[in-house]
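**Q** Model the following, please.
(chains A, B, C and D)
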There are 2 protein chains.
Amino acid sequence: MYSKELLKGTLSVIVLNILAENGRMYGYEIFQKVKELSDGKILLKDGSLYPALQKMKKEGLLTCEEVYIGKRIRKYYLLTKKGKEEKVHYLEELQDFIATISKVINPQLKIS
Amino acid sequence: MYSKELLKGTLSVIVLNILAENGRMYGYEIFQKVKELSDGKILLKDGSLYPALQKMKKEGLLTCEEVYIGKRIRKYYLLTKKGKEEKVHYLEELQDFIATISKVINPQLKIS
DNA sequence: AAACAATACATCATAATTCTATGTATTTAA
DNA sequence: TTAAATACATAGAATTATGATGTATTGTTT
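**A** Purely as a prediction, here's the structure:
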């Protein structure tokens, strides 16, 4: 697993992009999708994911639909308009950051 | 500037790689080099950099040579053997992380 | 039937890291 | 002579994810 700190600042971007790709999803489903796409390398903790979803809902990035599956509740989250807009910003920022840090760390790649 | 959290976990890798490239450097010089290589996008704060250097010294990743320039002190840092080894690990971890998060966030790139 | 794993949510104290603010002091440029 | 740049440092605040813990249902294995 990765140094725990590397993931910091990326949870929101991950959730926004996963939801943008897959439409409405519930927490556990997001956990599984991220696990699958990362080949088991990024395992979101429930102690991180559920509070993050709540926070993003409060910020108006997500809305929530509660559905009962038998006796068990599921909270489906989906992007709001604001969430879709912010997703673009977050993604650009992350990609820019990755490009920049690559330049800082691999200056030998100056040539290409 | 980037969301402050994105940089988390990357400070050590940055310092290790900058020192590996440039040999011995002092704090302010590292700040300038990172600023230059990142086109002003990554501005290490002295409140982050100096404590980080001290911590890495404590961990045995760096050694320090104090030099007086006139009346002003300069603390040159350089990689230890352990620092050189850890640099490789840190770098691999970061590159793996970047590759993984790119996969999670850009699943449309499945094809290539 | 019982036991265990997986599903599905949640909260809270803790840890880890960086930032802001603040401080000191020298050197260089305007 | 005044401001900016150089060069270090510390301490409290902020942010965020983790670990521990809790509840409860559903599916699988023995």
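
**Q** Enumerate the residues of chain A near DNA strand C.
**A** A:3-5, A:26-29, A:32, A:46-47, A:50-51, A:53-54, A:69, A:72-75 (C-beta under 7 Å from any atom of the strand). Glycine gets a C-beta too; all of them are placed from N, C-alpha and C.

**Q** at 10 Å what do you get?
**A** Neighbours of DNA strand C within chain A, by C-beta under 10 Å from any atom of the strand: A:3-6, A:8-9, A:25-32, A:35, A:45-55, A:57, A:64, A:66-67, A:69-70, A:72-77.

**Q** Which residues does the longest helix anywhere in chain A contact?
**A** Determined from DSSP state H, the single longest helix within chain A is helix A:81-105. For helix A:81-105, the surrounding residues in contact (C-beta atoms under 8 Å, 6 or more residues apart in numbering or on different chains) are A:10, A:12-13, A:16-17, A:19-20, A:56, A:60-62, A:79, A:109, B:2-3, B:6, B:10, B:13-14, B:17-18, B:34, B:37-39, B:41-42, B:91, B:94, B:98, B:101-102, B:105.

**Q** got it, and stretch A:41-50?
**A** With C-beta under 8 Å, 6+ apart, stretch A:41-50 has contacts from A:1-2, A:7, A:11, A:14-15, A:27, A:30-31, A:34-35, B:96, B:100-101, B:104.

**Q** Just the buried subset of these, please.
**A** A:Tyr2, A:Leu7, A:Leu11, A:Ile14, A:Val15, A:Gly27, A:Ile30, A:Phe31, A:Val34, B:Thr100, B:Ile101, B:Val104 (16 or more other C-beta atoms under 10 Å in any protein chain shown).

**Q** all helices of chain A, in order?
**A** Counting by DSSP H, the helices of chain A are A:11-22, A:27-37, A:46-58, A:81-105.

**Q** okay, the angle between the longest one and helix B:27-37?
**A** Inter-element angle recorded for helix A:81-105 and helix B:27-37: 120 degrees (by axes from the mean of the first three to the mean of the last three C-alpha atoms, to 10 degrees).

**Q** repeat for the second one
**A** Put simply, helix A:27-37 runs at 90 degrees to helix B:27-37, going by the same axes, to 10 degrees.

**Q** hang on, the earlier thing: pick the most deeply packed of the helices of chain A.
**A** helix A:11-22 (a mean of 20; mean count of other C-beta atoms under 10 Å in any protein chain shown).
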